[in-house]
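Engineer: What follows is a predicted structure for the sequence shown.
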Amino acid sequence: MATDKYRTENKEKTDYKWIALSNTTLGVLMASITGNIIMISLPAIFHGVKINPLSPSGGNYMLWMLMGYTVVTAVLLVTFGRLSDIYGRVKLYNLGFLVFTLASVALYFTPANGNVGIIYMICMRLLQGVGAGFLFSNSTAIITDAFKPHERGMALGFNQIAAVGGTLIGTIAGGFLAVIDWRLVFLINVPIGLFGTIWAFLMLKEQREPDKSQGIDWWGNLSFGIGLVLILAAFTMGIMPSGNSAMGWTNPLLFVMLIAGLVLMGLFIFVELHIKEPMFNLRLFKIRAFAAGNISLFLSSIARGGLSFILIIWLQGIWLPLHGYDFSQTPLWAGIYMLPMMGGFFIMGPLSGRLSDTWGSRGLATTGMALSAICFVLLNLLPANFTYIWFALILLLMGFGMGMFAAPNTNAVMSAVPAGYRGVASGMRSTFQNTGGALSMAVYFTIIIAGLAAKLPATLQSGLVHAGVPSALAHQISSMPPTAALFSAFLGYNPMASLIPANVMHTLPQATQALLVSKTFFPQIIAPAVMSSLQIAFWISAVLSIIAAVVSFMRGSGRYVFDEKDFQR
């Protein structure tokens, strides 16, 4: 009788762990796809709501459509992780599924065009970020609760495949769906979200009693959230033109925001060190595996968070048009040509997660970051108009490196903390990952726009005059904001037809008109400035990846399982 009862309970636990893994993986996959699906589909979305992306306001709208979701998610992750330890991980995870799904429905039914329509969409994207925050902050904690230590690497491996692989799938899915109808970019989440919400509500169960005696760290929440938003907003302001300057770094308000943000982040650290029940439990950093895993994750996120954005600029703005692709088709084909990176990640991700259960995380995660560093160096060696086979091989190796790092590192971080702190630990880990990604986008935007501001005007003026455009008009066009050139490259758009007035265009010889609006003129003009900036970004990513590999190696050997004594020291 006792044996039968044991078998029944053991079977229920076995069944439940697979339910927990599949549902959380579905939720993370959905949230991750949404993070990047906008990146490819923006041209169709802006056309659908009748917004010119090259207008002054269009640039700001584009940045917030791209970064707003990530910023909100990064700001809320630790808070939601802490709330989950207090009120229940499953309960708040379910709430995240529901909020995300409702926001996706609202986006599909965007009711207006123009500025009103795009502002509405930005607000709904921010609400999606709130839902994603609940999903990201609880998924790894739910899995860690459900699986035994020797099984977690495999389980977290699948979850991390969804998290990182979803960003790659989103890049491709956005291109396919936007060709049919831009609203499908948001509709794709609705059936998944409805199914996942109901399934999570019916099947997921709390594996430990929430500790409602814990308090909420309001000062820590406010100082961290406001500080991070101010810092990221300052970087965003620096990207846009200000007055007569090509970039906003001359704006005094920017430095006020940046200094205020840094002061608040300093206040946040002070509060967390002195409060009884901190939101961001810095005591966890006494655990070497936890500290090394999160620091290496943060560095790798800065190194690789903007990689898709950089590669899309390269493909859509330069390589694809030079190879005969129409500008309207470049978003779709950019996603297709990035498939090798997704393939490499999907091959190595689950394998590395499984191997980390046996061999430990240090060797796999460290090798993954070292391989990523090598790939960034190799990308730097490619010319603007590369031979695709070499590009594909580098992306495949990059995918291998990402897969080797993601699951083993997550396994080490989550196995290193006490069971009662897995919610906040999961939120902290996701915060490092998402904050690094948001900073990566802001930093790489800044690097590329700075390079364009320094080198593009002279190159563009010379190219226009050589093509037959009057020198006065060529000078006027060459003073276009670097953000307009960047967004043109990013959206796969030739701006010459809109920058040169129709009455002037008609006065030019037919051969000159054909050259200016051709597939190759604008890509050839911007290639030197863009490539010099990309090379700086790739070198920075390579250095950050090397540092991340060193930090990862310092986590300690073997498969780490939490020891209460480590936390008390």
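Structural biologist: Thanks, I have the structure now. Numbers count the residues shown, from 1 in each chain.

Engineer: Low-confidence bits of the stretch 251-400 of the chain, can you list those?
Structural biologist: By pLDDT under 70, the weakly predicted segments of the stretch 251-400 of the chain are 328.

Engineer: Which parts of it are helices?
Structural biologist: 252-274, 288-304, 307-314, 320-322, 330-337, 339-359, 362-381, 388-415 (DSSP state H, counting those that start in this stretch).

Engineer: Including distance to Arg89 and mean neighbour count, could those go into a markdown table?
Structural biologist: Yep, even glycine has a C-beta here, placed from its N, CA and C like the rest. Conversion of those to a markdown table gives the following (distance: least, Cβ to Cβ, whole Å; neighbours: other Cβ atoms under 10 Å):
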| stretch | distance to Arg89 | mean neighbour count |
| --- | --- | --- |
| helix 252-274 | 22 | 15 |
| helix 288-304 | 18 | 24 |
| helix 307-314 | 30 | 23 |
| helix 320-322 | 44 | 21 |
| helix 330-337 | 34 | 24 |
| helix 339-359 | 21 | 21 |
| helix 362-381 | 25 | 22 |
| helix 388-415 | 13 | 25 |
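
Engineer: Rebuild the ones you listed as JSON lines, extending it with distance to Tyr421.
Structural biologist: Output for the helices of the stretch 251-400 of the chain, formatted as JSON lines (distance: least, Cβ to Cβ, whole Å):
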{"stretch": "helix 252-274", "distance to Tyr421": "14"}
{"stretch": "helix 288-304", "distance to Tyr421": "10"}
{"stretch": "helix 307-314", "distance to Tyr421": "32"}
{"stretch": "helix 320-322", "distance to Tyr421": "48"}
{"stretch": "helix 330-337", "distance to Tyr421": "39"}
{"stretch": "helix 339-359", "distance to Tyr421": "21"}
{"stretch": "helix 362-381", "distance to Tyr421": "22"}
{"stretch": "helix 388-415", "distance to Tyr421": "10"}
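
Engineer: Which of those sits closest to Lys50?
Structural biologist: helix 330-337 (18.3 Å; Cβ to Cβ).

Engineer: Count the residues that sit near the nearest residue to Gly193 once chain neighbours are set aside.
Structural biologist: Here the nearest residue to Gly193 in space, its sequence neighbours aside, is Thr101; by Cβ to Cβ, 6 or more residues apart in numbering that works out to 3.0 Å. The number of residues packed near Thr101 is 22, by other Cβ atoms under 10 Å.

Engineer: got the CA positions of the helix or strand encompassing Thr101 in CSV?
Structural biologist: Per DSSP states H and E, Thr101 falls inside helix 89-108. What follows is helix 89-108 as a C-alpha-only set of coordinates in CSV (Å, rounded to 0.1, in the frame of the first residue of the first chain):
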residue,chain,number,x,y,z
ARG,A,89,5.5,32.2,-8.4
VAL,A,90,2.8,30.3,-10.3
LYS,A,91,0.1,32.9,-9.4
LEU,A,92,2.1,35.9,-10.8
TYR,A,93,3.4,33.8,-13.8
ASN,A,94,-0.2,33.1,-14.7
LEU,A,95,-1.0,36.9,-14.4
GLY,A,96,1.9,37.6,-16.8
PHE,A,97,0.5,35.2,-19.4
LEU,A,98,-2.9,37.0,-19.2
VAL,A,99,-1.5,40.6,-19.3
PHE,A,100,0.7,39.7,-22.2
THR,A,101,-2.1,38.1,-24.2
LEU,A,102,-4.5,41.0,-23.6
ALA,A,103,-1.9,43.5,-24.7
SER,A,104,-1.3,41.4,-27.9
VAL,A,105,-5.0,41.5,-28.7
ALA,A,106,-5.1,45.3,-28.2
LEU,A,107,-2.1,45.7,-30.6
TYR,A,108,-3.8,43.6,-33.2
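
Engineer: coming back round to it: quick one: closest of the helices of the stretch 251-400 of the chain to Gly114.
Structural biologist: Using Cβ to Cβ, the helices of the stretch 251-400 of the chain put helix 330-337 closest to Gly114, at 22.3 Å.

Engineer: how big is the angle separating the closest one from helix 388-415?
Structural biologist: 70 degrees (axes from the mean of the first three to the mean of the last three Cα atoms, to 10 degrees).

Engineer: Helix 330-337 vs helix 339-359, what angle?
Structural biologist: Using the same axes, to 10 degrees: helix 330-337 against helix 339-359 is 40 degrees.
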